[in-house]
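Q: here is my input; please provide its structure:
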Amino acid sequence: MADVLQRGLADLEQLAAETRFLGRLARPWLREALLDASRGMRSVGEADLRQVILAAGLPEPVWNAEIRTPSGRYLLDAYWEDRQLGAEADGAAFHLSAEDWDEDLRRQNAVQGTGVRLLRFPVRRLRMEPASCAAELRRAYESLVE
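A: Residues are numbered from 1 along each chain as shown. Have a look, this model is predicted:
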């Protein structure tokens, strides 16, 4: 579902219509993926990040929130505006090349230059160490006053 949305092959309403068409044949994982997409999540890594956020007992952030910087506009996977805190789920497919790393650092500097604190988590770590990721998020969230 995330791939379909990212490639622009269908929009959310089209996917919802197809899911409704399946009726009882639509599996729970498909309905959950559609619900995640309706929340604004556009990748499996973001769904993993959401599970960590829920485990941390944090409120639901804005998903794919736009942050404007002098260098341009960027989307943060998760963003708590009241705390000026963002979190990213970095998947290996989009963050391992030298060019990707360079762009990630520029983006991170631009976002943090606006006063937003940005935490980044490899998707693999979100899956393998969810408790430690949740603890880091909770500490960061609680350290920032509304």
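
Q: mind checking the SS state of Gly86?
A: Under the three-state scheme (DSSP: H, G, I helix; E, B strand; the rest coil), Gly86 adopts strand.

Q: quick one: contacts for the closest residue to it other than its chain neighbours?
A: Excluding its sequence neighbours, the residue lying closest to Gly86 (C-beta to C-beta, 6 or more residues apart in numbering) is Leu76, at 3.9 Å. C-betas here are computed from N, CA, C, even on glycine. By C-beta atoms under 8 Å, 6 or more residues apart in numbering, the contact list for Leu76 reads Asn64, Ala65, Ile67, Gly86, Ala87, Glu88, Val111, Val116, Leu118.

Q: what's the answer for Val62, then?
A: Gly40, Ala78, Tyr79, Trp80, Glu81.

Q: any idea which of those residues is closest to Met128?
A: Met128 lies nearest to Ala78 out of the contacts of Val62, by C-beta to C-beta, at 19.1 Å.

Q: for the closest one, what are phi and psi?
A: phi -130, psi 140 (degrees, to the nearest 10).

Q: surely it meets Val52?
A: No - contact criterion C-beta atoms under 8 Å: Ala78 and Val52 do not qualify, at 9.6 Å.

Q: any idea how far the residue with the largest distance to the centre of the chain is from Leu30?
A: Relative to the mean C-alpha coordinate of the chain, counting by C-alpha atoms, centre = their mean, the farthest residue is Arg24 (29.0 Å). Distance, Arg24 to Leu30, by C-beta to C-beta, to the nearest Å: 12 Å.

Q: that older thread, show the model's pLDDT score for the residue farthest from the centre of the chain.
A: Per-residue pLDDT puts Arg24 at 79.

Q: I'd guess it is in a strand, am I close?
A: No - applying three-state DSSP, one finds Arg24 to be helix, outside a strand.

Q: tell me the helix or strand right after the helix or strand of the chain with the lowest mean pLDDT.
A: Lowest on mean pLDDT, DSSP states H and E among the helices and strands of the chain sits helix 92-95, with a mean of 56. Later in the chain than helix 92-95, the nearest helix or strand by DSSP states H and E is helix 98-112.

Q: I am finished for the moment; much appreciated.
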